[in-house]
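Enquirer: Here is my input, please return the structure:
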Amino acid sequence: MVKHVSNYSKAQIALHWVVVLGVIFQIAFHEFIVEAMQAFERGESVGTLGMVMAYAHVASGSLIFLAVVTRIVLRIRRGVPDHAPGTPALAARLSSLMHNGLYAVLLAMAVTGGMTFNAVADLGRVHWALNIALVVMIAGHVAAALWNQYVRKDGTLARMIPARNKFGS
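Expert: The predicted model follows:
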């Protein structure tokens, strides 16, 4: 059971945005890793820019993995704020499921991507399916945050914006 605290810590907020920026980078520049992997399969070489960007993709995926693991550890050790007052029980449950699902998909993407890139197992199709699931989950996560912030006006979004959050420890 996760304990509840009054707000997210500076580390929890920073790690959230590290993951967000990492995912944006992965989506924006994924074509380089796809082209590199296809060239590897054909036994062809990859140009310098392609290799640099492929390794940047791997490095970013590794950073996302470490940030998510650290977020989970902080979530367990420090706790997280409870849902905003007045949140319906079903919405609170769905929110918790969504957060846990995001963590699971992000971790699974890093593992499947790493295993594929390092030729441990060809999990490229699984990695791509997880990518689609992640995009759908992110859309739902963002929509829920915006709904809660601007329709319910419960301050949910403000909890993850550093300038609007009174940081905890």
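Enquirer: what helix or strand is L90 on?
Expert: Here L90 sits within helix 89-117, counting by DSSP states H and E.
Enquirer: Over to D122?
Expert: Judged by DSSP H and E, D122 forms part of no helix or strand.
Enquirer: Run a quick neighbour tally on it.
Expert: 13 (other Cβ atoms under 10 Å). All C-beta atoms are positioned from the backbone trio N, CA, C, and that covers glycine.
Enquirer: how many other residues sit next to the spatially closest residue to it that is not a sequence neighbour?
Expert: Spatial nearest neighbour of D122, chain neighbours left out: T116 (6.1 Å); criterion: Cβ to Cβ, 6 or more residues apart in numbering. As a burial measure, T116 scores 19 neighbours (other Cβ under 10 Å).
Enquirer: I figured T116 was touching R125, is that so?
Expert: No. Contact criterion Cβ atoms under 8 Å: T116 and R125 do not qualify, at 9.3 Å.
Enquirer: any idea of the mean pLDDT in stretch 92-110?
Expert: When pLDDT is averaged along stretch 92-110, the result is 96.
Enquirer: buried set for that stretch?
Expert: Neighbour-count burial for stretch 92-110 flags S95, L102, Y103, V105, L106, L107, A108, M109, A110 (criterion: 16 or more other Cβ atoms under 10 Å).
Enquirer: Roughly how far does the fourth one sit from Q149?
Expert: The one in question is V105. Distance, V105 to Q149, by Cβ to Cβ, to the nearest Å: 23 Å.
Enquirer: The fifth one now?
Expert: Computed as Cβ to Cβ, the L106 to Q149 distance reads 23 Å.
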